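Peer 1: need a structure here:
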Amino acid sequence: MAGIGFELKKLFQKRGLAATVRAYGYAGVICTGPMLLGIVLLVGVSFLCDQTGATRHNRELLICMITYTLLVSLTVTSFFSMVVTRYIADMLYEERHEAILSSFWGSTGILLVVGGIMYGIFLMFSGINLIDQFLCLEFFGELIVTWNAMSYLTAIKDYKGILISFVTAVFVSLIVGFLLIIIGIPHVEGMMIAVTIGYGIMLLWDVTLLYRYFPQSEMSAFSFLRWVDEFLPLAFTGLFTNIGLFTHLVIMWFSPIHVHVQGLFYGAPYHDVPAMIAYLTILITTVNFVVSVEVNFYPKYRNYYSLFNDKGEIKDILQAGQEMRKVLNMELKYTALK
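Peer 2: Below you'll find the predicted structure:
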């Protein structure tokens, strides 16, 4: 959607192992970037805590604070993600680029207000100190802006810029966190400050890319809400898909194998770690599926569909349909084998 397939096709047309790896890497960032980035961050934070002598309680509390903030922010933004992507695709098709940037701030504002109130209430009764509450809420706000920006950044097709922003966020977070711990700042506060700095840099980077590509205008920031009304099932599809991905974690946090960390923060390490590894194992299939659909199947589908719009002959429509089904079957078998 929004030109992703065209750019991926150009990347896959280049020969060589490096070109293929780059194409799959960019596809992976677009398809699974937010969750993959969160997993890498959690692994890095755990490793840094182990190497700097953090207590088990501080490490578990820090992991819980980051995990809760990641999951809540992804769930909140998931309600708009698919609808906003549809809105962007429609505006690009109609060549109304001036309507895109204003909708970004409109959707972001709604998500920040609604999500901030809900997560803020949770933090008030979470049992952590005021400084940690503030850092969690700041981190949450940065994630809301960043995840929402992902829908808009795919339209820019600057995959290299997106990938660099991801790597920079994790790298800066870990380096700054290490330096803050070295100078004597407690592990929890030091790492949370570092994470907010790292993601803050990614936020500024992503917003700069948006302003560099899309023109500013005086259009209403909430015109996209008509798409929410028209495609409400799409919004709930995004929300419930996200809930389905993470509900098992919450269930296990209150199961007999749970660990009570502090206040309202719970964990289940014996389940969370295997779940993370399981998610990583499906990344290859996810990326291969998207690449197969966008690069190989979509051209055949577009040809088949255009014959109806252009009043093609029956024999051409039937032939295009056979070619489309043949490619679809081949790509599904290829994805299953992968």
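Peer 1: Do a quick rundown of the helices in the stretch 101-250 of the chain.
Peer 2: 130-156, 159-182, 187-213, 225-230, 232-253 (DSSP state H, counting those that start in this stretch).
Peer 1: In the shortest one, which residues are buried?
Peer 2: For helix 225-230, the neighbour count (16 or more other CB atoms under 10 Å) marks 225, 227-228 as buried. Just so you know, the C-beta spots here come from the backbone N, C-alpha and C atoms, and that holds for glycine as well.
Peer 1: Stretch 270-283 now?
Peer 2: Quick answer for stretch 270-283 (16+ other CB under 10 Å): 271-272, 276, 279.
Peer 1: and if you look at stretch 313-332?
Peer 2: Buried, per 16+ other CB under 10 Å, within stretch 313-332: 317, 320, 324, 327-328, 331.
Peer 1: now do stretch 285-299
Peer 2: 287-299.
Peer 1: what about Thr69, distance to Thr75?
Peer 2: Distance of Thr69 to Thr75, given as CB to CB, to the nearest Å: 11 Å.
Peer 1: quick one on the thing from earlier: which of the buried residues of stretch 270-283 lies closest to Phe254?
Peer 2: His271 (11.4 Å; CB to CB).
Peer 1: Which strands and helices lie in contact with the one helix or strand Tyr279 maps to?
Peer 2: Taking DSSP states H and E as the definition, Tyr279 sits inside helix 269-281. With contacts defined as 3 or more CB pairs under 8 Å, 6 or more residues apart in numbering; DSSP states H and E, the packing partners of helix 269-281 are helix 17-51, helix 232-253.
Peer 1: Using CSV, write out every CA atom in it.
Peer 2: Only the C-alpha atoms of helix 269-281 are listed here, as CSV (Å, rounded to 0.1, in the frame of the first residue of the first chain):
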residue,chain,number,x,y,z
PRO,A,269,9.6,-14.6,32.7
TYR,A,270,9.2,-18.3,32.0
HIS,A,271,6.5,-17.4,29.4
ASP,A,272,7.6,-13.9,28.2
VAL,A,273,11.0,-15.0,26.9
PRO,A,274,9.7,-18.0,24.9
ALA,A,275,6.9,-15.8,23.5
MET,A,276,9.5,-13.2,22.4
ILE,A,277,11.6,-16.0,20.7
ALA,A,278,8.4,-17.3,19.1
TYR,A,279,7.6,-13.9,17.7
LEU,A,280,11.1,-13.6,16.2
THR,A,281,10.6,-17.0,14.4
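Peer 1: Compute the distance from the centre of it to the centre of its chain.
Peer 2: 18 Å (CA atoms, centre = their mean, to the nearest Å).
Peer 1: Between helix 269-281 and whichever helix or strand comes after that helix, find me the angle.
Peer 2: Next helix or strand after helix 269-281 toward the C-terminus (DSSP H and E): helix 283-291. In terms of direction (axes from the mean of the first three to the mean of the last three CA atoms, to 10 degrees), helix 283-291 departs from helix 269-281 by 30 degrees.
Peer 1: Which pLDDT value belongs to Asn288?
Peer 2: At Asn288, the pLDDT value in this model is 72.
Peer 1: Next: Thr20.
Peer 2: The model's pLDDT for Thr20 equals 62.
Peer 1: Okay, now the unreliable bits of the stretch 101-250 of the chain?
Peer 2: Where the stretch 101-250 of the chain drops to pLDDT under 70, the residues are 157-160.
Peer 1: out of everything not next to it in sequence, what's closest to Phe236?
Peer 2: Phe79 (7.7 Å; CB to CB, 6 or more residues apart in numbering).
Peer 1: and the one you found, what does it touch?
Peer 2: Phe79 makes contact with 235-236, 238-239, according to CB atoms under 8 Å, 6 or more residues apart in numbering.
Peer 1: Please parse the protein into its domains.
Peer 2: Each domain of the chain is listed here as a residue range: 4-270, 282-338, per automatic domain parsing.
Peer 1: Could you look over these and pick the most buried one?
Peer 2: Mean neighbours per residue, mean count of other CB atoms under 10 Å, is largest over the domains of the chain for domain 4-270, with a mean of 18.
Peer 1: Give me the phi and psi for Phe265.
Peer 2: phi -90, psi 120 (degrees, to the nearest 10).
Peer 1: Over to Ile257?
Peer 2: phi -90, psi 10.
Peer 1: Make sure it is actually in contact with Gly267.
Peer 2: No - Ile257 is beyond contact range of Gly267, at 9.9 Å (criterion: CB atoms under 8 Å).
Peer 1: Just the mean pLDDT for the longest helix seen in the chain, thanks.
Peer 2: Secondary structure of the chain per DSSP state H: the longest helix is helix 56-93. Mean pLDDT, helix 56-93: 89.
Peer 1: Measure how that helix sits relative to helix 159-182, angle-wise.
Peer 2: 160 degrees.
Peer 1: Helix 56-93 to helix 130-156, inter-axis angle?
Peer 2: 30 degrees.
Peer 1: Before I go, just wanted to say thanks for your time.
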